[in-house]
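# Dropping a prediction and its sequence here:
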Amino acid sequence: QVQLVESGGGLVQAGGSLRLSCAPSGRTFSAVAMAWFRQAPGKDREIVAAINWSGGRTVYTESLKGRFTISRDNAKNTMFLQMNSLKPEDTAVYYCAARPGRWTTRPGWYDYWGQGTQVTVSS
């Protein structure tokens, strides 16, 4: 069973930055698309950004464009989410996910998930 492991969450003041990382435990991925989702209390899980295997194509939730950047380093088997100019409304548990083949924004189509990392932005 492949498990993804996220790191880098924490408490930050509004306007600050965090960088999340995600890597599979015990396995090297190949030809998988990956994504970041987030879920705030009482809300549905929503897509943050997705990236294809090569890293050459990305997609973002429109409201996060310009503040968040998804990237991956396949040599290090790791995906990242750089979050800048954080706002209190970005507070959520952030999850990474992976699936063979093409990326999608639909959480139900991802096969592998991390346990989540809490991001809290104070005002």
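Yep, it's here.

# was I right about V5 contacting C22?
Yes - at 7.0 Å, V5 counts as touching C22 under the criterion of CB atoms under 8 Å. All C-beta spots, glycine's among them, are computed from the backbone N, C-alpha and C.

# Of the two, which one has the most company?
C22 (25 against 15; other CB atoms under 10 Å).

# how about that one, what does it touch?
C22 is in contact with 4-7, 34, 36, 78-81, 96, 114, counting by CB atoms under 8 Å, 6 or more residues apart in numbering.

# Ramachandran coordinates for the spatially most central residue of the chain?
For the chain, W36 is the residue whose C-alpha lies nearest the centre (CA atoms, centre = their mean; 2.4 Å). W36 adopts backbone torsions of phi -110, psi 130, taken as degrees, to the nearest 10.

# can you check P88 too?
Torsion angles, degrees, to the nearest 10, at P88: phi -50, psi -30.

# Quick one: neighbours of it, just the number.
With other CB under 10 Å as criterion, P88 counts 11.

# wouldn't it be in contact with Q13 here?
No - counting by CB under 8 Å, P88 does not reach Q13; the two are 9.7 Å apart.

# distance of Q3 from G56?
Note on Q3: its distance to G56, by CB to CB, to the nearest Å, is 26 Å.

# who has more neighbours, those two?
It is Q3, of Q3 and G56, that has more neighbours when counted by other CB under 10 Å, with 12 against 7.
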